[in-house]
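Undergrad: pasting the structure only:
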């Protein structure tokens, strides 16, 4: 059944209409970069790296707490024309 990395790419091989089972590696990589950018005081350096160049995170407890606070907030939804705030709140509670 193939090499060890084959199992890592499962969701990436799914069709565009069947995306509910997971995320592809490119999406996970982007999320990881964003998380490191947020919690490392030197996170901006991530965008200046060349392929294969190592990155060492200068972890910032303050930036971590800021991210934690952001993630603990309820989502904000934009209202569409004709939609009430009560309808939007109902979506957020599902």
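TA: Okay, I see it. The structure presented is a predicted model; accordingly, all values stated were derived computationally and were not measured.
Undergrad: residues contacting residue 64?
TA: Neighbouring residues of residue 64 by CB atoms under 8 Å, 6 or more residues apart in numbering: residue 39. Yep, even glycine has a C-beta here, placed from its N, CA and C like the rest.
Undergrad: how near is it to residue 32?
TA: Per CB to CB, to the nearest Å, residue 64 is found 15 Å from residue 32.
Undergrad: which residues of this protein score low on pLDDT?
TA: Low-confidence segments of the chain (pLDDT under 70): 1-21, 78-94.
Undergrad: State which helix of it is the longest.
TA: helix 25-39 (DSSP state H).
Undergrad: so what does it touch, helix or strand wise?
TA: Helix 25-39 is packed against helix 61-72, with contacts defined by 3 or more CB pairs under 8 Å, 6 or more residues apart in numbering; DSSP states H and E.
Undergrad: Between helix 25-39 and the helix it packs on, find me the angle.
TA: 130 degrees (axes from the mean of the first three to the mean of the last three CA atoms, to 10 degrees).
Undergrad: So for helix 61-72, what gets flagged as buried?
TA: Buried residues in helix 61-72, counted by 16 or more other CB atoms under 10 Å: 63, 67.
Undergrad: Contacts only, for residue 37.
TA: Contacts for residue 37 were tallied using CB under 8 Å, 6+ apart; they are 43, 44, 46, 47.
Undergrad: How many residues are close by the first one?
TA: Applying other CB atoms under 10 Å, we find 19 other residues in the vicinity of residue 43.
Undergrad: Spatially, what comes nearest to it if we skip its sequence neighbours?
TA: residue 37 (3.7 Å; CB to CB, 6 or more residues apart in numbering).
Undergrad: gap between the one you found and residue 74?
TA: Distance from residue 37 to residue 74, by CB to CB: 23 Å.
Undergrad: Surely residue 41 is in contact with residue 61?
TA: No - here residue 41 does not reach residue 61: they are 9.9 Å apart, not a contact under CB atoms under 8 Å.
Undergrad: tell me the contacts of residue 48?
TA: So residue 48 contacts nothing (CB under 8 Å, 6+ apart).
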